[in-house]
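S.K.: This is a predicted model, with the sequence first.
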Amino acid sequence: MRRFIFSFIVMLTANVTFAQQAKNIVLVHGAFADGSGWEGVYNILSHKGYNVTIVQNPLSSLEDDVAAVNLVLDKQDGPTVLVGHSWGGAVISEAGISPKVVSLVYVAAFQPDAGESALSWAQSAPAAPENGILAPDPAGFVYYDKAKFHAGFCADVSKEKAAFMYASQGAFSAKGFGTPLSHAAWKTKPSWGIVATADKSINPDIERNMYKRSKTTITELNGSHVIFMSKPKEVAAIIEAAAKGTDKK
């Protein structure tokens, strides 16, 4: 009887260890934003014991953003879940080939294949009228139209929060958006994807089409492009599922 109980306890312990095999989570922001938007998700996951790190992308090129992610990945002490929002999805698809990355989470994000760019996918379906992504300025940088920022980018946060986010948006290099990827980590790593069904910056059908092609595990949440800010609890739960289920899609 004692031997049975001991074996049962060992089995339970092994299952718990297996379920939480990834304790490191790296969060990657997208264009027209910075890492501070992840605060709600960070708080939830940190309080659950995960080691959470937030990347500050320079947004100057695909290569530069991937380099910024790799700097963070190099400091992780074990298996890591890599999470990207919007443009950050292209970045994690490239950087996710790191051997430390065991799973990927795409949050209303681009998921190009090798040889494809985020731009090619952005143009694959009609843009919403609220979409305020402007043409590149003379220096080659892209910004979001102030008049459309709240409705087009973050409709489910307060007007005051949206104003602050607009004022703090990063300059995004147009060349990065059009750069084809060299790698597609989702081909070899388990992936989870969140479709923001009220997204006005990326057509939700684009998100669905990318995720279905890659056989990503899909969750649809009703919210704006910044679903990770308006529904941090739900987004954090999906990231945690990726951390606990890295053996399968």
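M.R.: Received the coordinates, thanks. Keep in mind that this is a model prediction, so the values were computed, not measured.

S.K.: All the strands of this structure, in order from the start?
M.R.: 24-28, 51-55, 80-85, 101-107, 141-142, 172-173, 191-196, 217-221 (DSSP state E).

S.K.: highest average neighbour count across those strands?
M.R.: Ranked by mean neighbour count, the strands of the chain are led by strand 80-85 with a mean of 30 (mean count of other CB atoms under 10 Å). (Glycine included, C-beta is placed from N, CA and C.)

S.K.: Make TSV out of the strands of the chain and add mean pLDDT.
M.R.: Putting the strands of the chain into TSV (pLDDT from 0 to 100) gives the following:
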stretch	mean pLDDT
strand 24-28	98
strand 51-55	98
strand 80-85	98
strand 101-107	97
strand 141-142	96
strand 172-173	95
strand 191-196	98
strand 217-221	97
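
S.K.: show me where pLDDT drops low in this structure?
M.R.: Scanning the chain for pLDDT under 70 picks out the ranges 1-20, 246-249.

S.K.: Spatially central, which residue of it would that be?
M.R.: In the chain, the residue lying closest to the centroid (CA atoms, centre = their mean) is residue 84, at 1.8 Å.

S.K.: Is that residue in contact with residue 108, as I believe?
M.R.: No. Look at residue 84 against residue 108 with CB atoms under 8 Å: they stay out of range, at 9.8 Å.

S.K.: Who are the contact partners of the residue nearest to the centre of the chain?
M.R.: 28, 30, 90, 91, 92, 93, 104, 105, 106, 107, 109 (CB atoms under 8 Å, 6 or more residues apart in numbering).

S.K.: nearest spatial neighbour of the second one, skipping sequence neighbours?
M.R.: Spelled out, that is residue 30. residue 86 (2.8 Å; CB to CB, 6 or more residues apart in numbering).

S.K.: What distance do you get for that neighbour to residue 154?
M.R.: When CB to CB, to the nearest Å is the yardstick, residue 86 and residue 154 sit 11 Å from each other.

S.K.: quick one: common contacting residues for those two?
M.R.: residue 225.
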